[in-house]
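**Student:** have a look at this prediction, sequence included:
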Amino acid sequence: MFTGIIEEVGTIENIRRGSHSAVLQIQCRDVLEGTKTGDSIAVNGVCLTVTEIGQQGYTADVMEETLDRSSLGLLTKGSSVNLERAMAADGRFGGHIVAGHIDGTGTIERTWRDDTAVWYQVSAPPGVLRYIVEKGSITVDGISLTVARVSEQNFCVSVIPHTQKNTALADRTAGDIVNLETDIIGKYVEKLLMPQQPEKVQSRLSMDFLAEHGFY
């Protein structure tokens with residue numbers, strides 16, 4: 001589990017692409033402290049397992065499902081990525097509950113400055129927007145942010161200078177694709193209130209069936 005508080009901005013040093021997967025080699029420093037092989041680090045909001053650790057970074061495997069559902073497949077050598085280690089049991093809960101399992105991607109439609117803050121307007125598919133509520137939480141490329149406005153087509157967040165300075169969001173401009181994870185609580189509440197209905201079985205009972213078996 002993560003909180004959406006970015007610890008470090010890393011750099012993609014190399015990408016080895018397979019037919020249905022990829023291996024990311026990420027240059028970083030801070031998130032290596034206390035990290036061992038098998039630990040989880042969120043990369044732009046996507047939970048990935050550390051497979052190798054070096055002095056100046058680590059590697060992580062990305063499977064086809066993750067490439068299809070996230071923006072990780074668009075990364076290139078030199079790309080900046082937001083990094084966060086899994087939350088320690090004795091750590092501060094600074095953001096909100098983040099699973100690292102994104103719901104989909106969105107597109108930055110436009111940005112503008114409002115005094116010291118920077119606004120981002122992001123379009124998203126209906127299946128994602130249904131869980132986004134005004135003043136609720138949203139994770140954008142792994143960053144825990146508060147939703148300022150939401151419509152049927154998009155939502156807006158206002159980003160303070162500290163977040164701009166300490167995350168890769170400063171590199172994002174109109175047209176860029178970002179990973180989105182909505183508040184997990186809303187999805188669980190919906191599931192409990194609207195459980196999946198069992199599949200209806202087509203009845204074979206008919207007048208012809210009754211006649212065929214001696215019922216008139």
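**Tutor:** Perfect, thanks for sending it. Numbering: from 1, shown residues only.

**Student:** in which helix or strand would I find Cys47?
**Tutor:** Using DSSP states H and E, Cys47 sits within strand 46-53.

**Student:** quick one: contacts of that strand?
**Tutor:** Here strand 46-53 makes contact (C-beta atoms under 8 Å, 6 or more residues apart in numbering) with 2, 23-24, 32, 35-42, 58-62, 66, 70, 72, 86, 99-102, 142, 179. For every residue, glycine as well, the C-beta is placed using N, CA and C.

**Student:** filter these to the buried ones?
**Tutor:** Burial by neighbour count, 16 or more other C-beta atoms under 10 Å: within the contacts of strand 46-53 this picks out 2, 24, 32, 35, 40-42, 58-62, 66, 70, 72, 100, 102, 142, 179.

**Student:** out of these, list just those in strands.
**Tutor:** If you go by DSSP state E, the buried ones among the contacts of strand 46-53 have Leu24, Ser40, Ile41, Ala42, Tyr58, Thr59, Ala60, Asp61, Val62, Asn179 in strands.

**Student:** ok, of those residues, which one's closest to Gly95?
**Tutor:** Looking at these and their distance to Gly95, the nearest is Ala42, at 11.4 Å (C-beta to C-beta).

**Student:** for that closest one, what are its contacts?
**Tutor:** With contact taken as C-beta under 8 Å, 6+ apart, Ala42 is in contact with Phe2, Leu48, Asn82, Leu83, Glu84, Arg85, Ala86, Val98, Gly100, Gly142.
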